[in-house]
Structure formats: structure tokens, C-alpha cells
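Novice: Sharing a model prediction with you, sequence too.
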Amino acid sequence: MRIRIRTLILFCFLIIVAFATATVYLNARPGTAETILHADKGSTSPTILTPKMLEAIMDTIKEGYVEELKDDKLLTGALQGMLSNLDPHSSYLNPKEYKELLMETKGTFGGLGMEVTMENGLVKVVSPIDDTPAQKAGIQPGDLIVAIDKKPIMGMTLFEAVEMLHGKPGTKVRIYIKRTGMDVFDKTLTRALIQVKSVKWRTEGNVGYIRIATFSEKTVPLLKEALADLTKKLGSKLEGLVLDVRNDPGGIFDAAVGTANLFLSKGQEIVSTKGRFPNINSRVKASGSDITHSLPIVVLINGGTASCPEILAGALQDHHRAVIVGTKSFGKGSVQVILPLTNEGALRLTIARYYTPSGRSIQASGIEPDIVVEQAANLGKIDETDRICEKDCQGALDAEKMKEKKEELTPSKTEKNEAFDAFDPEKKKPEKIEDYQLRSALDIVRALAITKKHTRRHK
């Protein structure tokens with residue numbers, strides 16, 4: 001019994017000594033920990049962090065952490081945490097990341113070819129880019145990447161994860177994917193030099209089909225080339241256009257404005273931005289004229305349509321210049337600016353929200369199609385209701401204001417048969433049989449062309 005009492009007394013004594021030592025250690029540094037400890041003394045209101053306290057915390061970490069730390073590492077971590085906690089699209093770019101971003105905006109970069117963001121600590125695919133390893137491997141919008149080469153994503157920053165996905169062309173990377181309704185599975189992809197041709201086009205009978213894969217510096221010039229080529233091939237037989245921006249992850253704002261400018265009349269609003277301060281607010285209006293001379297247009301969208309193509313679709317929809325077909329878009333309607341830093345890095349900061357000409361916010365709301373057409377594989381419906389959108393991202397602006405609306409439109413047996421019978425027998429391509437949305441869009445354009453001709457005859 002005496003031994004136990006002695007042991008207890010010794011244990012209490014050690015605790016008192018340890019506490020006293022810690023107190024002396026902290027008080028010996030009046031510029032660091034003491035500042036933080038004194039912040040609560042005599043305060044009746046909640047403690048508020050100040051820049052001085054942040055500096056004191058950093059000094060305490062440097063002096064007390066188990067390993068030696070450099071200011072650069074601490075500052076980088078502070079910036080990353082500070083910005084990533086604001087919303088999914090604000091971030092700090094170190095010099096290497098900033099350089100890679102500049103390369104991507106020019107339409108050439110290395111990697112797998114997909115637009116990604118961060119969701120609950122995991123990498124979420126916004127959209128794969130056409131003709132890239134990601135798209136060919138069947139990566140889908142909404143897929144969550146949980147690990148790369150057996151290394152869990154949780155705990156990484158977005159750019160740390162992206163850096164692991166990047167690599168020399170020809171090398172392989174193994175990614176582990178969680179898809180709605182499925183167990184985690186893995187795919188091994190071969191990295192490639194991603195050279196995105198942002199615009200492709202072809203004729204579909206007497207309709208011009210234009211695919212916009214992303215909005216880069218080359219998009220507007222290529223669109224003009226596409227329109228000139230389609231006009232040359234079809235001449236007066238050209239009945240209308242299908243602009244396909246499905247799974248288009250966005251890109252450069254000016255490219256979206258320039259694209260809308262091709263189809264609107266001078267003075268018509270394209271998009272407006274609204275932020276906290278008046279100098280951020282702006283209205284962008286068309287400066288030219290409709291180079292298609294009012295040809296019927298259908299814009300195809302889906303849950304992978306994000307940012308720039310949403311600006312385009314919203315502008316053409318509000319001015320009744322195009323019929324929007326497909327499924328609800330992603331809803332990425334926030335404005336980011338890139339602010340270069342003296343260390344050759346940059347800040348990407350959200351400063352405003354985008355609004356369509358009628359004043360609708362794109363953020364978290366997305367663009368609702370005029371005609372809902374679900375995608376079909378082998379003429380069977382693909383359920384897009386569980387696809388992850390901007391409003392599902394942690395910290396997404398305006399997400400709490402949104403009330404989810406679920407609409408289901410299943411093609412009837414008759415509609416499926418009509419879609420199958422409508423295929424051009426001279427061009428039997430498997431991908432066309434699977435693309436029910438495109439077939440519907442082509443039919444709608446042709447119907448609009450017939451209506452337009454009928455109206456002209458009766459004027």
C-alpha cells in the first residue's frame with residue numbers, strides 16, 4: 001500500500017514539474033506563445049485571430065516542431081489552407097503549378113487529359129477531354145479518384161494529386177476510382193502529350209455538327225474555320241448547327257465570350273459578373289453580328305458541361321438564339337482571377353459570380369435544358385441524376401440555396417425505335433447508335449429548319 005502511495009506522489013510530482021517546465025519554456029518566448037496565451041486573458045468576447053497572432057503561431061511552430069522547418073514550407077502551407085478553405089476553386093499555385101496552368105490554357109500539356117477539382121478530400125473528375133487517355137479509358141464526369149499508384153489521395157492538395165497524375169508521355173499510372181453505385185475499381189492509364197484540338201466539325205446530312213471540347217486561345221479561330229468549311233461544303237443546303245459542349249470542362253473566359261459573339265447581334269448581352277465591389281461588376285455585350293445569319297442552332301449540354309460552355313449556353317438560351325438540349329449542366333458559375341506573385345507563383349481567387357443575360361445565376365444552379373434528353377447507351381437510358389455537380393462540392397458558393405430538382409425523361413419504346421430507324425444507313429458507326437442525345441439534337445435542328453422555311457413562305 002505504501003509503495004502505491006509513493007508511486008502516486010511521484011507521478012503527481014512529475015506532472016507538476018512538466019507543467020512548470022512548459023510554462024517557463026513558453027513564457028521565455030514573449031513574442032510567440034505568450035502572445036497567444038494572453039489573448040484570452042480578461043476577454044469577454046470570442047478570441048479573434050489577428051495577423052500578429054498568425055505570425056506568432058508560425059514562430060512557435062518553427063521553434064517547437066519536432067523537425068526543422070523553413071519559412072517557405074510554412075508559408076506555402078498557410079496559403080494553401082487559407083485559400084482552399086474558401087471554395088473549391090480558390091488556390092495557391094507554386095511556381096511549377098503556375099507554369100503548368102499557363103501551358104494548359106494554350107491547349108498543350110502533359111498528362112491524362114481530364115479537368116478535375118477537389119471534393120471532400122478526393123479528386124473529382126469534372127470532365128475528361130476528347131481524344132485523351134482519360135476519355136479513351138472510359139473515365140466519366142463525377143468519378144472520384146481515391147488513390148494514385150496505391151497512394152491515398154486523402155490529405156493531399158489538389159495540385160499534389162495532379163502532379164502525381166502528370167508525367168512523361170509513355171509512362172503508366174494506376175488510379176483507383178469510386179463511381180456512384182459501384183465498388184472502388186482501378187484503371188492503368190498511359191500518359192500522353194495532351195494536344196487538345198478544341199474544335200472539331202463534320203456534316204450530318206445537311207446539318208453542321210461542331211464539337212467544342214474546351215475553350216482555349218484557339219477556339220474562336222477554329223470556330224470561324226469550321227463555319228466557313230461547313231458553308232463551303234453545304235452552301236444553301238445548310239439547315240442548321242449542333243454545338244456540342246457536353247463534357248466541356250471550360251477554359252478561358254474570353255474564348256467563351258468570343259464564341260457567343262459569333263452567334264449574337266451587336267449590343268446583346270452575353271454575360272454579367274457581380275462581386276462584392278462595384279469595380280468587379282461588369283456586363284459583356286456582343287460587338288459584332290451573327291455570322292450564321294440566324295441559322296437554327298441546338299446546343300447540347302450535360303452534367304460535364306462546366307463554366308465557359310455554361311456562359312455560352314445561357315447567353316444563347318436567354319436571347320432565344322438556340323435551343324438547349326440534353327441534361328442539366330454542372331453549375332460552375334464563379335469567376336476566378338489569376339494574381340501573379342513575386343516568387344513566380346500565383347493566387348487563384350474567386351472574386352465574383354456569373355449571371356446570364358436575364359439575370360440567372362449559373363453558380364450551383366447550372367443551365368436547365370429547354371428539352372431534356374437523357375443519354376442512352378445502346379438505346380438504354382443512362383441515369384445522370386446521381387452525377388456530382390458544382391453544388392455538391394464542399395464549400396461551393398450558393399450550394400445551400402439550391403433545392404435539388406429531379407426530372408426523369410425515359411425514352412419510350414416508340415421513341416427508341418424512331419431514333420434507331422433515323423440513322424443514316426451509309427454511315428453506320430457504333431458511336432452514333434449510342435449517342436441518343438446527338439440524334440435527338442439533329443432531329444430538332446431539322447424540325448427548326450422546316451419551321452423556318454414554312455414561316456418564310458407565309459410571310
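Specialist: Perfect, I can see it now.
Novice: Give me the phi and psi angles of residue 169.
Specialist: Residue 169 adopts backbone torsions of phi -60, psi 140, taken as degrees, to the nearest 10.
Novice: How about residue 443?
Specialist: Residue 443 adopts backbone torsions of phi -60, psi -40, taken as degrees, to the nearest 10.
Novice: With residue 116 instead?
Specialist: Taking degrees, to the nearest 10 as the convention, residue 116 sits at phi -130, psi 160.
Novice: Please name the bridge partners of it.
Specialist: Judged by DSSP bridges, the bridge partners of residue 116 are residue 125.
Novice: Distance-wise, check it relative to residue 257.
Specialist: Taking Cβ to Cβ, to the nearest Å as the measure, residue 116 falls 25 Å from residue 257. Where C-beta positions appear, they are placed from N, C-alpha and C, glycine not excepted.
Novice: And residue 191, by the same measure?
Specialist: Taken as Cβ to Cβ, the span from residue 191 to residue 257 is 33 Å.
Novice: residues contacting the residue nearest to residue 297 when sequence neighbours are not counted?
Specialist: Excluding its sequence neighbours, the residue lying closest to residue 297 (Cβ to Cβ, 6 or more residues apart in numbering) is residue 322, at 3.9 Å. Residues counted as contacts of residue 322 (Cβ atoms under 8 Å, 6 or more residues apart in numbering) are 243, 263, 297-299, 313, 316.
Novice: Which one of those is nearest to residue 145?
Specialist: Minimum distance to residue 145 across the contacts of residue 322 is 27.4 Å, recorded for residue 313 (Cβ to Cβ).
Novice: which SS class is that closest one?
Specialist: At residue 313 the chain is in helix, as set by DSSP: H, G, I helix; E, B strand; the rest coil.
Novice: Could you tell me how many residues sit around residue 181?
Specialist: Applying other Cβ atoms under 10 Å, we find 6 residues neighbouring residue 181.
Novice: what pLDDT does it get?
Specialist: Residue 181 is assigned a predicted lDDT (pLDDT) of 91.
Novice: Looks to me like it is in a helix.
Specialist: No: applying three-state DSSP, one finds residue 181 to be coil, outside a helix.
Novice: quick one: low-confidence ranges for the stretch 1-150 of the chain?
Specialist: Applying pLDDT under 70 to the stretch 1-150 of the chain flags residues 1-47, 104-109.
Novice: Report whether residue 77 is found in a strand, as I expect.
Specialist: No: per three-state DSSP, residue 77 lies outside any strand segment and is helix.
Novice: and the longest strand seen in the chain, what other elements does it pack with?
Specialist: Using DSSP state E to define each element, the chain has its longest strand at strand 346-355. Packing contacts for strand 346-355, counted by 3 or more Cβ pairs under 8 Å, 6 or more residues apart in numbering; DSSP states H and E, involve helix 71-84, strand 91-93, strand 269-275, strand 334-340.
Novice: Single out the most deeply packed of the ones you listed.
Specialist: Per residue and on average, the most neighbours among the helices and strands packed on strand 346-355 fall to strand 91-93, with a mean of 24 (mean count of other Cβ atoms under 10 Å).
Novice: So what touches the next helix or strand along the chain from that strand?
Specialist: Counting by DSSP states H and E, the element after strand 91-93 in chain order, helix or strand, is helix 95-105. Residues from elsewhere that reach helix 95-105 (Cβ under 8 Å, 6+ apart): 93, 109, 159, 162-163, 166, 216-217, 251-252, 338, 340, 343-346.
Novice: I'd say residue 196 and residue 216 touch.
Specialist: Yes: with contact defined as Cβ atoms under 8 Å, residue 196 and residue 216 form a contacting pair (6.7 Å).
Novice: what's the closest non-adjacent residue to residue 166?
Specialist: residue 111 (4.6 Å).
Novice: Low-confidence ranges, the stretch 251-400 of the chain, go.
Specialist: Ranges of the stretch 251-400 of the chain meeting pLDDT under 70: 377-395, 399-400.
Novice: now do 50
Specialist: Applying pLDDT under 50 to the stretch 251-400 of the chain flags the ranges 378-380.
Novice: What segments of it are strands?
Specialist: Ranges of strands in the stretch 251-400 of the chain, per DSSP state E, counting those that start in this stretch, are 269-275, 282-285, 297-301, 323-326, 334-340, 346-355, 371-372, 376-377, 380-381.
Novice: is it possible to export these to TSV including distance to residue 121?
Specialist: Listed next are the strands of the stretch 251-400 of the chain as TSV, based on distance: least, Cβ to Cβ, whole Å:
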stretch	distance to residue 121
strand 269-275	28
strand 282-285	35
strand 297-301	29
strand 323-326	30
strand 334-340	21
strand 346-355	19
strand 371-372	33
strand 376-377	31
strand 380-381	32
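Novice: wait, which of the ones you listed is closest to residue 52?
Specialist: strand 346-355 (22.2 Å).
Novice: ok and that closest one relative to strand 269-275, angle-wise?
Specialist: Interaxial angle of strand 346-355 relative to strand 269-275 (axes from the mean of the first three to the mean of the last three Cα atoms, to 10 degrees): 120 degrees.
Novice: ok, residue 89 - contacts?
Specialist: Contacts of residue 89 by Cβ under 8 Å, 6+ apart are 117, 332, 334, 336, 348, 350.
Novice: cool, and residue 230?
Specialist: For residue 230, counting by Cβ under 8 Å, 6+ apart, the contacting residues are 201, 203, 208, 210, 238, 241.
Novice: Mind doing that once more with 7 Å?
Specialist: If you count contacts by Cβ atoms under 7 Å, 6 or more residues apart in numbering, residue 230 has them with 201, 203, 208, 238.
Novice: Which one of those residues sits in the busiest neighbourhood?
Specialist: residue 208 (26 neighbours).
Novice: If we ignore the residues flanking it in sequence, what's nearest that residue?
Specialist: residue 230 is the one closest to residue 208 (Cβ to Cβ, 6+ apart), at 3.8 Å.
Novice: and the gap between the one you found and residue 210?
Specialist: 8 Å.
Novice: Equivalent analysis for residue 203, please.
Specialist: Residue 203 is 11 Å from residue 210, by Cβ to Cβ.
Novice: all helices of the stretch 301-450 of the chain, in order?
Specialist: With DSSP state H, counting those that start in this stretch, the ranges of helices along the stretch 301-450 of the chain come out as 308-318, 413-421, 430-434, 436-457.
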